[in-house]
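Novice: give me coordinates for this.
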Amino acid sequence: MLAAIIFVATSGCTWNQLPPGFGLSGVTAFRRFTVWT
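Specialist: Numbering: from 1, shown residues only. Below is the predicted model of the structure:
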């Protein structure tokens, strides 16, 4: 999860463009990020 957040922050991609190699969808990653912040 943290790797996905760092990837989005440093690459400039959107949450929906998150590569599948992270093991979660962009929607799930965004939802968890908003809960943590």
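Novice: which stretches of the protein have low pLDDT?
Specialist: Counting by pLDDT under 70, the chain has no low-confidence residues at all.
Novice: ok, 90 please
Specialist: Low-confidence segments of the chain, defined by pLDDT under 90, span residues 1-2, 5, 36-37.
Novice: would you map the helices across it?
Specialist: Listed in chain order, the helices of the chain (DSSP state H) span 2-11, 26-36.
Novice: residue 20: which of those is closest?
Specialist: When the helices of the chain are ranked by proximity to residue 20, the top entry is helix 26-36, at 9.8 Å, counting by CB to CB. To be clear about C-beta, it is placed using only N, CA and C from the backbone, and glycine gets the same treatment.
Novice: against which helices or strands is that closest one packed?
Specialist: Counting by 3 or more CB pairs under 8 Å, 6 or more residues apart in numbering; DSSP states H and E, the packing neighbours recorded for helix 26-36 are helix 2-11.
Novice: so which bits of stretch 13-31 are buried?
Specialist: The neighbour-count criterion (16 or more other CB atoms under 10 Å) identifies 15, 18, 22, 26, 29, 30 as the buried residues of stretch 13-31.
Novice: run through who's touching that stretch.
Specialist: Identification of contacts with stretch 13-31 by CB atoms under 8 Å, 6 or more residues apart in numbering yields 1, 3, 4, 5, 7, 8.
Novice: which one (most neighbours) among the residues you listed?
Specialist: Each of the contacts of stretch 13-31 was scored by neighbour count (other CB atoms under 10 Å); the top score is that of residue 4, with 22 neighbours.
Novice: quick one: residues contacting it.
Specialist: For residue 4, the contacting residues are 18, 22, 24, 29, taking CB under 8 Å, 6+ apart as the criterion.
Novice: could you dump the contacts of stretch 13-31 to TSV with distance to residue 34?
Specialist: Putting those into TSV (distance: CB to CB, whole Å) gives the following:
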residue	distance to residue 34
1	13
3	17
4	13
5	11
7	17
8	13
